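Chemist: Whatever this is, show me its structure:
(2 chains)
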Amino acid sequence: MIIRRKPDIASSEITPERTYLNRRHFVKKAAAAGVLGTALGPRALQGKTTLQELHPRFSSMTSEMDEPLNSYEEITTYNNFYEFGTRKSDPAENSGAFRPRPWKVEIGGMVNKPGQYELDDLLSGITMEDRVYRLRCVEAWSMVIPWYGFPLSALINKVEPQPGAKYIEMKTIVRPEEMTHQRFPILDWPYIEGLRMDEAMHPLTILATGLYGADLPNQNGAPLRLVVPWKYGFKGVKSIQSIRFVEEMPINTWQVQNSHEYGFFANVNPNVSHPRWSQARETRLPGFRKDFDTMMFNGYTDQVQHLYAGMDLARWK
Amino acid sequence: MNQKRALFAIKTILWVSALSPGVYLVSSLLRGSLGVNPVEKLTLWTGMTALVLLLCSLAITPIRRISGWNLLIKLRRPLGLFAFFYASAHFVIWFAFYNIFDFGYMWADILERRFITAGMAALFVMLPLALTSTRWAIRKLGKRWSVLHRGAYLAGILGVLHYFWLVKADTRLPSLFAVVLIGLLGFRAALQSQVLQPGKRQRGRH
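Modeler: Sure thing, here's the model as predicted:
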């Protein structure tokens, strides 16, 4: 199925799975105790294991998925986060000055409990969990990532949207002094993404606050980002500062940038070609060859296809 | 003698600078230090190097005319050949890894994606230029050689278009390439409009 390249590090340097799991357990405890510091950096978290071993309790949700996780280093050094630069290595290199705490999220639009929420207040009472998802980028590469977060629906229920709210719109924060590339008109800042309300309420849709059980690094969208596993990665708006409940379909940033190439739905679909990349296949990183067959809805068809019943997916890109 | 030494010096600089991206890429690949997506880096940097070298080869004549340093003409052929070498490597990497040696995939890519159409066209324009870069071919083709090798400008235009159409949002670098290319084309047009072309004799003999 998947042929993986051997990692270029000596086997003695790879954390054994057992140790990794113990460490991970420790990481969670330490995080809970508030002592997780930089000492437990990427090196300690560099384990690789399979979903079933690491996340037995999610195996029912994604039982067909026996694909190796990408390493912490892979997930945190190869990012599209144009606010910090357009090369894949830029976000890891340029996001050091970004301060993800303290953090406020503005809840607005058609909602009963609008306001400026402290992130910790907003998350209080919400149960965090691990979710292992494939991430399929529109650029035809993919990874498998163990997120840490919670269903977006939990937050939505908490702030009580009004019946008129049909869509949800989320924006990345604007801080050109810390996000160096917001000083250039590369995209129409702030970055905007949106979901239809039923998509937002779907149990697979999560807001992530971490990965590999530890806090989200800046380059991955700290402190709060969207993850919608059956859509292309650009839907996953990072460093979310604003969440609005609206009646009209939001116009997302990439659609503004190039409406011929990007639409609102952006569901992973091997049958709908893109002007820049054939979407039929993908490169499962860190592999070399684009030889992994892309799955409809990124492999989550059974869970999500009912959302799009009767819709022409070639038209609603 | 001085002339000879100067020629040796600039040729050395050319060979070292033209070979170093390739040496760097191959050694990084072997050391596994090209990051999470090595193929993406290999593709980007072979393409970038090809384009820079191609524009350098087009810049030789303007620089020579302005500076009067005729020796520079000796760099034009190696620059063009190195550009072709990197463009070929770029193509092979793309065919091998993105299209996994499948001609069907390759054709679909060429036909459906304009940036690939332009890139392929650039390579096809460069191919006969590389093949006719020998002294023998220059002698044999005579005047037709100069006409044929104006194709280098076409390859430059196609190469810049390829890069411009590829980039999703950040067009700063391709724009810079485009400005340089337009400058070179402008200079060429200005030369063309002059009745006297003092450099022509040397070029014919080269």
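Chemist: Against A:E73, how distant is the closest residue to chain A within chain B?
Modeler: Per Cβ to the nearest Cβ, B:G32 is where chain B lies closest to chain A, at 3.3 Å. Any C-beta I mention is one placed from the backbone N, CA and C, and that applies to glycine too. As judged by Cβ to Cβ, to the nearest Å, B:G32 and A:E73 stand 12 Å apart.
Chemist: Get me the contact residues on chain A for chain B.
Modeler: A:8, A:74, A:77-78, A:82, A:86, A:88-89, A:141, A:184, A:186-187, A:257-258, A:273, A:275-276, A:278, A:283, A:285-286, A:288-291 (Cβ under 8 Å from any Cβ of the partner chain).
Chemist: Restricted to buried residues, select those in ChimeraX.
Modeler: Typed into ChimeraX, the next command selects the buried ones out of those (criterion: 16 or more other Cβ atoms under 10 Å in any protein chain shown):
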select /A:74,77,78,82,86,88,141,186,187,276,278,283,285,286,288,289,290,291
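Chemist: The residues of chain A next to chain B in strands, which ones?
Modeler: A:141, A:283 (DSSP state E).
Chemist: Inside helices: which ones of the residues of chain A next to chain B?
Modeler: Secondary structure defined by DSSP state H assigns A:74, A:77, A:257 of these to helices.
Chemist: In contact with the first one, which residues are there?
Modeler: It refers to A:E74. Counting by Cβ atoms under 8 Å, 6 or more residues apart in numbering or on different chains, A:E74 makes contact with A:143, A:285-286, B:36.
Chemist: before we move on, what about B:L51?
Modeler: B:83, B:159-160, B:163, B:177.
Chemist: same question, B:Y98
Modeler: So B:Y98 contacts A:290, B:39, B:43, B:105, B:109 (Cβ under 8 Å, 6+ apart).
Chemist: And A:R99, by the same measure?
Modeler: Contact analysis of A:R99 by Cβ under 8 Å, 6+ apart lists A:E178.
Chemist: what kind of secondary structure is it in?
Modeler: Classification of A:R99 by DSSP: H, G, I helix; E, B strand; the rest coil places it in coil.
Chemist: quick one: it from chain B, how far?
Modeler: In this view, A:R99 and chain B are 25 Å apart by Cβ to the nearest Cβ, to the nearest Å.
Chemist: Check A:E282 too.
Modeler: Distance from A:E282 to chain B, by Cβ to the nearest Cβ: 11 Å.
Chemist: residue ranges of the helices in chain B, please?
Modeler: Using DSSP H, helices in chain B cover B:2-31, B:38-67, B:76-93, B:103-112, B:114-131, B:135-141, B:143-148, B:151-166, B:172-193, B:200-205.
Chemist: what's the answer for the stretch 201-317 of chain A, then?
Modeler: Here the stretch 201-317 of chain A has its helices, by DSSP state H, counting those that start in this stretch, at A:253-257, A:301-304.
Chemist: Only the buried residues of the first one, if you could.
Modeler: In terms of neighbour count (16+ other Cβ under 10 Å), helix A:253-257 has its buried residues at A:253-255.
Chemist: Output those residues as JSON lines; include the columns pLDDT.
Modeler: Shown next, in JSON lines, are those (pLDDT from 0 to 100):
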{"residue": "A:T253", "pLDDT": "96"}
{"residue": "A:W254", "pLDDT": "95"}
{"residue": "A:Q255", "pLDDT": "94"}
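Chemist: nearest to chain B, of the residues you listed?
Modeler: Of the buried residues of helix A:253-257, the one sitting nearest to chain B (Cβ to the nearest Cβ) turns out to be A:W254, at 8.4 Å.
Chemist: show me what contacts the residue nearest to that closest one when sequence neighbours are not counted?
Modeler: Distances taken as Cβ to Cβ, 6 or more residues apart in numbering or on different chains place A:Y262 nearest to A:W254, at 3.8 Å, with adjacent residues excluded. Contacts for A:Y262 (Cβ under 8 Å, 6+ apart) come out as A:138, A:234, A:252, A:254-255, A:317.
Chemist: can you redo the residues you listed as TSV with distance to B:Y24?
Modeler: What follows is the contacts of A:Y262, written out as TSV (distance: Cβ to Cβ, whole Å):
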residue	distance to B:Y24
A:V138	29
A:F234	31
A:N252	38
A:W254	33
A:Q255	38
A:K317	39
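Chemist: Contact partners for the most centrally placed residue in chain B?
Modeler: Taking Cα atoms, centre = their mean, the centroid of chain B lies closest to B:L54, which sits 2.3 Å from it. Residues in contact with B:L54, defined by Cβ under 8 Å, 6+ apart, are B:79-80, B:83, B:87, B:126, B:152, B:155-156, B:159.
Chemist: Kindly format the C-alpha coordinates of stretch B:99-119 as CSV.
Modeler: C-alpha atoms of stretch B:99-119 as CSV (Å, rounded to 0.1, in the frame of the first residue of the first chain):
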residue,chain,number,x,y,z
ASN,B,99,4.1,11.7,-13.4
ILE,B,100,5.8,8.5,-12.1
PHE,B,101,7.2,7.7,-15.6
ASP,B,102,3.6,7.6,-17.1
PHE,B,103,3.3,9.2,-20.5
GLY,B,104,-0.5,9.4,-20.2
TYR,B,105,-0.2,11.4,-17.0
MET,B,106,2.5,13.6,-18.6
TRP,B,107,0.3,14.3,-21.7
ALA,B,108,-2.7,15.2,-19.6
ASP,B,109,-0.5,17.6,-17.5
ILE,B,110,0.9,19.2,-20.6
LEU,B,111,-2.5,19.7,-22.2
GLU,B,112,-4.5,20.7,-19.2
ARG,B,113,-2.1,23.0,-17.4
ARG,B,114,-0.9,26.1,-19.2
PHE,B,115,2.2,26.6,-17.0
ILE,B,116,3.3,23.1,-18.0
THR,B,117,2.5,23.8,-21.6
ALA,B,118,4.8,26.8,-21.5
GLY,B,119,7.5,25.0,-19.7
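Chemist: Can you tell me which residues in chain B are near chain A?
Modeler: Counting by Cβ under 8 Å from any Cβ, the residues of chain B near chain A are B:31-32, B:35-40, B:97-100, B:105, B:108-109, B:112-115, B:166, B:168-170, B:172.
Chemist: thought B:E112 was touching A:Q279?
Modeler: No. Here B:E112 lies out of contact with A:Q279, judged by Cβ atoms under 8 Å, at a distance of 11.4 Å.
Chemist: which neighbours do these two share?
Modeler: A:S273.
Chemist: Looking at the ones in helices among the residues of chain A next to chain B, which one is closest to chain B?
Modeler: A:E74 (4.8 Å).
Chemist: picking up where we left off before, distance check, the closest residue to the residue nearest to the centre of chain B other than its chain neighbours against B:I63.
Modeler: Using Cβ to Cβ, 6+ apart and skipping the chain neighbours, the partner closest in space to B:L54 is B:A83 (4.0 Å). Computed as Cβ to Cβ, the B:A83 to B:I63 distance reads 16 Å.
Chemist: Compare the two (neighbour count), which wins?
Modeler: B:A83 (29 against 14; other Cβ atoms under 10 Å in any protein chain shown).
Chemist: That one contacts B:M126, doesn't it?
Modeler: Yes. At 7.1 Å, B:A83 counts as touching B:M126 under the criterion of Cβ under 8 Å.
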